[in-house]
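Q: Build me a model from this:
(chains A and B)
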Amino acid sequence: MSLLSGLRARLRVLRHPLAADRDLAEEIRFHIELETRQNIERGMSPEEARRVAVARFGGVQRVREDHRDVRRLQLIEDFIGDVRFALRSLRRTPALAGAAVVTLALGIGANVAIFSAVNAVVLRPLPFPAPDRLMVITEENPEKHWHLNVAAPANLFDWRSGVSDFADVTGYIDGLGKSTLTGRGDPQILETSRTLGNFFSTLGARATMGRTLTEDETWRNGTHVMVLSDKGWREHFGADPNVVGKSFTMDGDLVQIVGVMPPSFVYPREGVDGWRPLELNKANMGAVSFRRAHYLRAVARLNPGVTQAHADAQLQAVVDRLKREYPGTNRVMGALMMPLHDFLIGDTRLPLLVLLTSVAFLLLIACANVGNLLLVQAAGRQREAALRLALGAGRERLVRQALTESLVLSTVGGLAGLAIGWAGTRAFVRLQPDGMLRVHDFGVDSTVLGYVLAITLLSALIFGVAPALWMRHRNPADSLKEGGRGAAQGGRAKRWGDALVVCEVALALLMTVGAGLLVRSFYQIAHVDPGFDSHGVLSASFQLPARYDSSAKILAFMNELERRARAIPGVTSAALVSNSPFNGPSYTSDFIAYGRPEGGYGTEIGNRVITPSYFETMKVPLLRGRNFGPEDREGSTPVLIINEALAKSYFKGEDPIGQRLSFDKVPTAKSTWYTIIGVAGTEHVDALDVAPRIEAFHDEAQEPSNYMVALLRTNGDPIALAPAVRVAMRELDPAIALLDVHSVDELRASSMARARFLTTLLLAFALIGLTLSVVGVYGVLAQMSRNRTREMGIRIALGAQSAQVRWLVVRQGLRLTAAGLVIGATVAVFATRVMTKLLFNVSPNDPLTLAGVVVLLGATSVVAAWIPAANAGRADPVVALRAD
Amino acid sequence: MSSDQSDVLRGTLDLLILKTLTLEPMHGWGISARIQQVSRGLLDVNQGSLYPALQRLEQRGWIESDWRRTENNRRAKYYRLTSSGRRAVGAETANWRRYVEAVELILDIT
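A: This is a model prediction of the structure:
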C-alpha cells in the first residue's frame, strides 16, 4: 500500500544518497537528450538544439539542489509539523493530556527504579579483570544437607594442586569480622575480611598504595600485616598518605599496614575496612581439623582458554580421589563449581525478577489507561477528523499524526518518569536492608537511559496503536452524518476500550495476588514463636584480645562481667552466650551417643556455649534435668544440655538424661564424652523462617570462649542499658570494645528485613496498579454513560426507574471486571508458583488470598461504577432527546 | 520564483502530473511533453520544478518509479500511479474544482 511504497522511496533515498544523486543526474541527461532531439526535429542545429534544451531546463544545479532539499526537508518538515500539531491538540485537552502524562510517569518511573537495581546487581560486571574466569567452588554434602557450603582448607589446597586448569585458588571467610583498633583514642572497630595470602592475586586486584598480600603470608610467622580498603583508610586512618609501613595495635597484636586498595575494590562485602591474612598454622596442615573445619569461601581463577566444563571434570576427579583417601571426612563430600557472578547474585535473582514483573505489569496497566484515554479523545475529535479527510488530508497523514501525538505524550511521560524513577533509586538505596543487593549504591547510568528510551517508545506503540488504527478505519461520511456522536457508541472503539479494561483488571489481580501472598507470608514469619522471649533484652558482643591466654583469665573476666551486668540498675537478669540471637549456632558438628551402633551418628547439631543464667535471661524453659551449676568446672565431667528437638528425634522413646554424647561420627580413644544433664526448650537459632535445629549447649566454665555475646534483660527499653554496659566493660578492660549493640527485638526485625522490604515494594506497586485499573474501569463506564445518555433518557421516559438505569451501568462494570478477574485468576494459579521460594508457610495457590483479592477488585469495580451510574440515572429524558 | 507562488503552482503541477499518469506510465520528459501537447501549448511546465515534484509525489506514495529501457534502448526512469495515487487524483481534482469555484465567486463580486 501507498504508505509502504512512500516509505520505501524515502528509505532508498536516505540509505543511498549518492545513488539518488546519480539517478537524478541520469534522468536530467535523458530529459535534455530528448529535448535536444525534439529541437533538432524542429529544425535547429545540434549545438543550438542542445543549448536551448539546457536553457529551457533551467539551472541544472538548482534543480539538483531543489531535489535534494525536497528529499531532506520533507521528512523533517513533516515530523516537525506533526509534533507541533500534536502539542496544539494536546493543549486543547489539558486534563486528558495531564492524566495521561501522570499515568505514564508512574508506570515508567517504577520501571526505571527497579531496572536500575537489576542493572547494578545482575548486569554490571564484577570489578575484576576477566571476571568471567572466576569460579566459586562450594562443598556439597547430602548427608548433612549441605549446599553451597564453605570449604575446608585442606580440600581447597588439594583442589588447587590437583586441577591444572586453575590458575590459582584462593579462600576467604564469608562475611566480615570485627577487629578492634586501639591506641588511637577510643577503641575503633574495623570490619575486617580474613583471607588467604593469594586473595588479591587470584582476583586480579592491585593496590593504589603499597602492596597487596603475598602467598606466604597465609601462614603464621609471628608478624601481622593488613591491607586497608579506601573506606578504612579514610575513616579510620584519616587518609594518611604515609600510612603504608606504619604499625597499629589491632585485637592486641601489632599489625603493619602494607597497602591501600582503590575505592572500587569492595570485596567480599561493601563496608569492608581492611583485609588480614588468616595466619594458618603450617604445622596443622596434615591434621584432620584442617580437613574437617569448613570456613573458607573458595574462589578459583580459570586459565585463559579453558572451558568451565573441562575444569569441572578435573575438579570432580580430585574430589573422587579425596573421597577415597579421606573417608573419615570426605566420604560424601562433593564439590560444585559455578561462575562467581552467578553465585553472588543467586538469592537476589528471584526477588528482582518478581519486582521487575510487577512493574512491567504496572506499565502495561498504565498504557491501557492511556490507550483508553486516547480512544475517548479520538472519538471526541471525529468531526474534525472527518472534515480534514474531506478536505484532502491523506488518511496516512492522520494516522501518522495520531502516532506522533502518542510519541509526544510518551516522551513527556518518559521524562517525568525518569525524574520519578531517579528519586525512586535514591529512596531504594537508602531504605534497602543491609547487604540485600550485591551493589549497595546504584543510579541511572547509560544502560538505564537506554532502557527508558526503549520502554517509552514501546509504550507509545502499545497505547498509540489502538486510536491510530481506529482513525484509519473510520469512514468520514459516517462521522459527519451521525453528528459525530454515535460512532463511539458501539463497534470498534467500544470493543477496544472494553478489551483494554479487562486486561487491566487481570493484571491488577496478578499484582495484588502477588503482593497479598507476600503479606501473608510476612505475617506468618512475624508470628513464629522463636522459643525464647525477645522483648526487653539487650545483646552486645565482644572479643577478648590475645593477652587473655588462659582459661583462668577468660573465666575471671566473664564472671566479673556478668556480675557487673547484673548490678546495673534495671537489669533483671544477665547471661553470656557464644553467638547473638538469630545469628545461628557458633558451629555445627556430627555427633553420636555412647552405645549406638556404627553408623548411628547424627549430623548438623548446633553448638553454643552459655553461662547458666542463659535460660532464665531468654526465658527458655528447662524441661528435664538440671542446669549447669558450680559443680561443673574445668576438670570435672564434661556436661551438656540438649534441646527438645534433639531429645525427640535422636533420643526418641529414651531418657536422654545421663546418656553420653561425643561430637564425632566415629568416636576414637581421644574423643571427649559429654554427659547430658538437662533438656531445654527448642529455639529458632537461625532466622524465623528456618526450621529450628537440634542443639547442644556447652558450659562456659568448662569451655571458655573469648568471643561472647552479653544478654541483659530489663523491664524497660533495653537500649537504655547500653551506656551502662559500655562503662562496665571499660572499667574491666578499656581495650575491649562492645560490638553489635542491639536489642534482641531489633535483631528479630533485621532478620526479617529483606522479606519486609520486598513485601512493602510489591504492595506499593500493587496498590498503584489497582488504583489505575479502578480509574480505567471508571473511565470506560463514564464514557459509556455519556454516550448512551440518549438511550438512558428514552428508557426513563418509557418508565424505567432510575435505579434500573443505574444498574445497567453497574452491571457493565461488573461484567468487565468479572471477565478480567477470571482471566487474571486463571493465570495467577500458574504464575504464582514462581514465588514459592519467597513464601513461608503459604501456598502460592492460597485460596484465601485469591478469594480476598477477587472480592476486593469486585468491590472496587462497584465503587468505580458509582459516579457514572449516578449520572446515567439522572439522565433527563427531555434533554437527552433534544441533544443533537 | 517566490515561495508563495511556488506553493500554488506546486499543487497544480502535482495534479497535472497525476492526471497525465492515469493514462499510462511515463518518464519525466514524456510527462512534460504530454502536458504541453494536451494543453495545446498553453501550459509550459517549468522543467526545473518537474523533478522535485516527481520526488515529492513518490515520497507521498502516490507514484512509484522504476528504471526501464526505451525503444531506443536508453535507460530511463518511468513513473506510474499507485492505487492511492489513483484515489488521490479524484480527490485532488475535486479540490481543484472547488478552489476554482471559490476564486470565481470572489472575482464575480464587483
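Q: For chain B, give me its nearest residue in chain A.
A: Ranking the residues of chain A by distance to chain B (Cβ to the nearest Cβ) places A:G6 first, at 2.8 Å. Just so you know, the C-beta spots here come from the backbone N, C-alpha and C atoms, and that holds for glycine as well.
Q: okay, that residue: pLDDT?
A: Looking at A:G6, its pLDDT stands at 72.
Q: measure the residue lying closest to it once chain neighbours are set aside to B:S84 for me?
A: Excluding the flanking residues, the one nearest A:G6 by Cβ to Cβ, 6 or more residues apart in numbering or on different chains is B:G61, at 2.8 Å. Look at B:G61 and B:S84: by Cβ to Cβ, to the nearest Å, they are 6 Å apart.
Q: More neighbours: these two, which one.
A: For B:G61 versus B:S84, neighbours defined as other Cβ atoms under 10 Å in any protein chain shown are more numerous around B:G61 (24 against 20).
Q: I figured that one hits A:R400, correct?
A: No: counting by Cβ atoms under 8 Å, B:G61 does not reach A:R400; the two are 11.6 Å apart.
Q: My read is that A:E731 contacts A:R564, right?
A: Yes: applying Cβ under 8 Å as the test, A:E731 and A:R564 come out as touching, 7.5 Å apart.
Q: sorry, back to before: what lies in contact with whichever strand or helix holds the residue of chain A closest to chain B?
A: Assigned by DSSP states H and E, A:G6 belongs to helix A:2-15. Under the contact criterion Cβ atoms under 8 Å, 6 or more residues apart in numbering or on different chains, helix A:2-15 has outside partners A:20, A:71, A:74-75, A:396, A:399, B:58-62, B:64-65, B:82-85.
Q: middle-most residue in the chain, spatially?
A: You didn't say which chain, so I picked chain A. Of all residues in chain A, the one closest to the mean position by Cα atoms, centre = their mean is A:L352, 3.5 Å from it.
Q: that's the wrong chain, I wanted chain B
A: B:I17 (1.9 Å).
Q: Secondary structure element for that one, which one?
A: Secondary structure from DSSP H and E places B:I17 in helix B:3-21.
Q: Now that helix: average pLDDT?
A: Mean pLDDT, computed over helix B:3-21, is 68.
Q: for stretch A:864-884, same thing?
A: Taken as a whole, stretch A:864-884 carries a mean pLDDT of 73.
Q: follow-up on the earlier one: report the separation between the residue of chain A closest to chain B and B:Q55.
A: Counting by Cβ to Cβ, the gap from A:G6 to B:Q55 is 11 Å.
Q: Then A:S406?
A: Distance of A:S406 to B:Q55, given as Cβ to Cβ: 29 Å.
Q: Neighbour count: A:E731 and A:R564, which is higher?
A: Neighbour count, other Cβ under 10 Å: between A:E731 and A:R564, A:R564 has more, with 18 against 11.
Q: Next, the contact list for A:R693, please.
A: By Cβ under 8 Å, 6+ apart, the neighbours of A:R693 are A:P585, A:E604, A:I605, A:G606, A:A645, A:V685, A:D686.
Q: switch the cut-off to 10 Å
A: For A:R693, the contact set (Cβ atoms under 10 Å, 6 or more residues apart in numbering or on different chains) comprises A:584-585, A:588, A:604-606, A:643, A:645-646, A:682-686.
Q: Just the buried ones from those?
A: When neighbours are counted using 16 or more other Cβ atoms under 10 Å in any protein chain shown, those contain these buried positions: A:584-585, A:588, A:604-606, A:643, A:645-646, A:682-686.
Q: ok, so of the residues you listed, who is nearest A:L356?
A: For the buried ones among the contacts of A:R693, the residue nearest A:L356 by Cβ to Cβ is A:D686; the value is 28.8 Å.
Q: Now that closest one: phi and psi?
A: Dihedral pair for A:D686: phi -90, psi -160, per degrees, to the nearest 10.
Q: from what I can see it touches A:E604, true?
A: No: using Cβ atoms under 10 Å, A:D686 is not in contact with A:E604; the gap is 11.7 Å.
Q: ok so, going back, buried subset of the contacts of helix A:2-15?
A: For these, a burial check counting by 16+ other Cβ under 10 Å picks out A:20, A:71, A:74, A:396, A:399, B:58-62, B:64-65, B:82, B:84-85.
Q: Sitting in strands, which of those do you find?
A: Assignment to strands by DSSP state E places the following of the buried ones among the contacts of helix A:2-15 there: B:E64, B:S65.
Q: Pick out the most distant pair among the buried ones among the contacts of helix A:2-15.
A: The largest separation in the buried ones among the contacts of helix A:2-15, counting by Cβ to Cβ, is between A:A20 and A:V399 at 26.4 Å.
Q: For the residue in chain B that chain A sits nearest to, give me the pLDDT.
A: Of all residues in chain B, the one sitting closest to chain A is B:G61 (2.8 Å; Cβ to the nearest Cβ). Note for B:G61: predicted pLDDT of 87.
Q: what's the weakest-modelled helix or strand in chain B?
A: The helix or strand of chain B with the poorest confidence is helix B:3-21; it has a mean of 68 (mean pLDDT, DSSP states H and E).
Q: Helix or strand next in line after that helix, which one?
A: Scanning forward in sequence from helix B:3-21 by DSSP H and E, the next helix or strand is strand B:26-27.
Q: near chain A, anything from that next one?
A: Yes: Strand B:26-27 is in contact with chain A by Cβ under 10 Å from any Cβ of the partner chain, via B:H27.
Q: Quick check: buried residues in the following helix or strand past that strand?
A: Using DSSP H and E, the helix or strand that follows strand B:26-27 in sequence is helix B:28-38. For helix B:28-38, the neighbour count (16+ other Cβ under 10 Å) marks B:G28, B:W29, B:G30, B:I31, B:S32, B:A33, B:R34, B:I35 as buried.
Q: Centre of the chain to helix B:28-38, how far?
A: Distance of helix B:28-38 from its chain centroid, counting by Cα atoms, centre = their mean, to the nearest Å, is 10 Å.
Q: Specify which member of the buried ones among the contacts of helix A:2-15 is nearest to A:G177.
A: Closest approach to A:G177 among these (Cβ to Cβ): A:V399, at 66.3 Å.
Q: pLDDT wise, what is the closest one at?
A: Note for A:V399: predicted pLDDT of 77.
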